[in-house]
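In: pasting the sequence and the predicted coordinates here, then a few questions.
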Amino acid sequence: MAPVVPGYGTPGYGAGYGGPPVAPVAPGYAAAGYGPPAGAGAGWAPPPKPGLVPLRPLGFGTLLGAPFQVLRRNPGPTLGSALIIQFAIFLVTAVVIGGAAFFAVTRVTQASAADRGSIAAGSVAIVLLSALVPLALALVSSALLQGILVVEVSREVLGEKRRMGELWRAAGKRLWPLVLWILLEAAAVTVVLAIVTGAVVLLATAGPVGIVFAVIVGLLGLLGIVALWVWLGTKTSLVPCAIVLERLGVRAAIARSWRLTRGSFWKTFGVEALVATIVYVASQVVTQPVNIILSLAFGLLSPNDSSDSGSSTAIVGAIVVYLVVGVLQIVFGAITAVVQAAAISLIYVDLRMRREGLDLELIRYVDARQAGLVTADDDPFRVPVAGGGAASGAGPTSGAGPASGAGPASGAGPAAGGEAPTPGAAV
C-alpha cells in the first residue's frame, strides 16, 4: 500500500484511517445506523468520505439523496453545463421550427386558390423536415451532457472538483460512442412503435371485428412496450458510465451494464424511478401554478376585447406566458438532467463496489493521492485486464477485483479527462 500522509481525511473519519483497508463485509454493510461490522476490533474506523459519498457500498437512502447534493457541491460546471445545453436546444428549436412555420404560412397565404393545396402540403413537409435540425442537436448535446455528468460524479466521489472546460473536454473524447448509443435507443423505440402501430392500423381496416381486435392489440401492445422499456431501460442504464469511465465500445458497454445490474434490477429501477418522480413532481408544482396564474392575469387584463389593442395585448400576453414557462422548463430540465445522470452514476459506482471491491481501489487511490504518488495516468475507475493496462472494448473478468494492497492501477488511461485532478479546485 502506498504511504499515507498522517492525519489525512476529513475530521470524523476516525483515528484508525490510514491502516490496511477493511475487507468487504456482508449484506447490511450500508444499512441505517452504520457502525463497526461484527467482530471488528478496537482499531476499526469507518470508511473515509473524501467527497460526495463514503467509500463503501451505498445504501438506498444515500443513492436517493446524494444525486441532489451534486447540484450543491459543484453547481457551476454541472448545472451550468446543463443550462447551456438546454437553452441551446430551446433556442435552436424556436428559431428553426418557428422560422420554417412562418415561411410555410407565408407561402400558403400568398398562393393562389388553385395552387394552395399543393403548396400547403409542401409547407407541412418543410416544417416536419426542419424539426430534424433541433432533433439532431438534442441527440448530440444529450450525449455530451451525459458524459459531462458521469465524469463529474466520478471525480466528486474522490473529493475532486473539475472546471467546466475540463468536463467538456473529457466528455468530448467519448462523445461519438455516446451519440451512437442514443441513436440505437431512439431506433429501437421507433421500430417497436412502428410494429405495434402498423398492426393496429391493419386490423382496423378489416371491418368491425378488426376494429375490436385493433383496440385489444393496441392496449396489449402499449402495456408490452411499457414493460419492455422499463426492463431494457433499467438493464442498460449504466451504458453511458461504462462508455465514459471504462472507455468501452457500445456493444461491450451494453454487456457490461447487463452484468452489473444482474441481481440488482429492482434496486436500480427503484432508485431511478423515485429520483425521476421527485424531480418531475417538483417541476410541475412550480411550472403549472405559474402558467395558470399568468394565463388568468392576462385574461383579466383584456376580457372579451376584440379591438386591435385587445388583440395586441393577448398576443403579448401569450408571448410572455410562453417565455416564462419556457425559462422554467429549461431550468427544471437542467436540474432533472443533472440529478438523473448523477443517480445513474452513483448506482454504477455502488454496484462496482459490491461486485468488484471498487471501494478498496478508491481508498488506495485517495491514500496515494494524499502521499503525492498519483500521476495523470492513474485512474481507479479503469478496469485492469490480464497483462496490464486497462480494458478497452471488453468488460472485465467477472468477479475480478483490485489486488489487495495494490496502488492505483498502473498503466491505466487518464482519468476521463486527461488532466491531473485538482482536489477542491475552484469552479
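Out: Great, that's in hand.

In: just give the nearest non-adjacent residue to F332, would you?
Out: Nearest in space to F332, with sequence neighbours left out and distances taken as Cβ to Cβ, 6 or more residues apart in numbering, is S283 at 3.7 Å. Where you see a C-beta, it was placed from the backbone N, CA and C, and this is true even at glycine.

In: by contact count, what packs against the longest helix belonging to the chain?
Out: In the chain, with assignment by DSSP state H, the single longest helix is helix 308-356. Contact partners of helix 308-356 among helices and strands, from 3 or more Cβ pairs under 8 Å, 6 or more residues apart in numbering; DSSP states H and E: helix 60-73, helix 75-110, helix 132-157, helix 239-245, helix 250-260, helix 265-301, helix 358-370.

In: give me the contacts around the worst-scoring helix or strand of the chain on mean pLDDT.
Out: Between all helices and strands in the chain, the lowest mean by mean pLDDT, DSSP states H and E belongs to helix 116-130, at a mean of 80. Helix 116-130 is contacted by residues V96, I97, G99, A100, A101, F103, A104, V105, R107, V108, A111 when judged by Cβ atoms under 8 Å, 6 or more residues apart in numbering.

In: OK, contacts around the fourth one?
Out: Shown here is A100, whose contacts under the criterion Cβ under 8 Å, 6+ apart are I126, V127, L129, S130.

In: still on that earlier bit, tell me what angle the longest helix of the chain forms with helix 250-260.
Out: 70 degrees (axes from the mean of the first three to the mean of the last three Cα atoms, to 10 degrees).

In: tell me the average confidence for helix 308-356?
Out: For helix 308-356, the mean per-residue pLDDT is 83.

In: how far off centre is it?
Out: 13 Å (Cα atoms, centre = their mean, to the nearest Å).

In: mind checking pLDDT for the residue nearest to F332?
Out: 85.

In: residues near it, how many?
Out: 17 (other Cβ atoms under 10 Å).

In: is it correct that it is in contact with A334?
Out: No: at 10.6 Å, S283 does not count as touching A334 under the criterion of Cβ atoms under 8 Å.

In: okay, now the unreliable bits of the chain?
Out: In the predicted model of the chain, residues 1-45, 298-314, 317, 384-427 satisfy pLDDT under 70.

In: would you mark the buried spots in the helix or strand hosting G224?
Out: G224 is part of helix 208-235, with elements assigned from DSSP states H and E. Residues of helix 208-235 classed as buried by neighbour count (16 or more other Cβ atoms under 10 Å): A214, V217, G218, G221, L232, T234, K235.

In: picking that back up, got the contacts of helix 116-130 as CSV, with distance to P46 columns?
Out: Below are the contacts of helix 116-130 laid out as CSV (distance: Cβ to Cβ, whole Å):
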residue, distance to P46
V96, 54
I97, 54
G99, 59
A100, 59
A101, 60
F103, 64
A104, 64
V105, 66
R107, 70
V108, 70
A111, 75
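
In: need the contact list for L222.
Out: Counting by Cβ under 8 Å, 6+ apart, L222 has contacts V196.
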